[in-house]
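Asks: Below is the structure, and that's it, no one-letter string:
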């Protein structure tokens, strides 16, 4: 029976107890600095957040928190990058921003 994967080392925010308010302020920075943004309805933001959590759970990283996570949708109809954050492992993922991308690999997440 294979051993479970080792948990990732804590990131700087986790080691220093960086307050999540600074991370959530990244929404304003993203909105101001990123030229090509997508407007994503709240229901879709939540749906992608659930997909992100499901994928992390499948790969033994379901308790990941207090760091930014990037999700890329490579479907033929979307081709987008989503930046998410959550402060605690039991919080829902919160979208920071989304932008169109070209991955060259349509058809999966």
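Replies: Cool, got the structure. Computed from a prediction, not measured in an experiment: that's the story for all the values here. Residues are numbered from 1 along each chain as shown.

Asks: quick one: the residue lying closest to residue 36 once chain neighbours are set aside from residue 39, how far?
Replies: Leaving aside its chain neighbours, residue 36 sits nearest to residue 99 (5.3 Å; criterion: C-beta to C-beta, 6 or more residues apart in numbering). For glycine as for every other residue, the C-beta is placed from the backbone atoms N, C-alpha and C. Distance of residue 99 to residue 39, computed by C-beta to C-beta, to the nearest Å: 11 Å.

Asks: about what we covered before: from the contact counts, what lies against the one helix or strand the residue nearest to residue 36 maps to?
Replies: Using DSSP states H and E, residue 99 sits in strand 94-100. When contacts are defined as 3 or more C-beta pairs under 8 Å, 6 or more residues apart in numbering; DSSP states H and E, strand 94-100 sits against helix 20-24, helix 26-33, helix 42-58, strand 80-86.

Asks: and among the ones you listed, the most buried is which?
Replies: A comparison of the helices and strands packed on strand 94-100 by mean neighbour count, using mean count of other C-beta atoms under 10 Å, puts strand 80-86 on top with a mean of 20.

Asks: can you give me the angle that strand makes with helix 26-33?
Replies: Between strand 80-86 and helix 26-33, the angle comes out at 150 degrees (axes from the mean of the first three to the mean of the last three C-alpha atoms, to 10 degrees).

Asks: and strand 80-86, how far out from the chain's middle?
Replies: In terms of C-alpha atoms, centre = their mean, to the nearest Å, the centre of strand 80-86 is found 3 Å from the chain centre.

Asks: Compute the inter-axis angle for it and helix 42-58.
Replies: 70 degrees.

Asks: Can you list the strands that strand 80-86 pairs with?
Replies: strand 67-73 (antiparallel), strand 94-100 (antiparallel) (DSSP bridges).

Asks: Mean pLDDT lowest where, among the ones you listed?
Replies: Lowest mean pLDDT within the strands paired with strand 80-86: strand 67-73, at a mean of 91.
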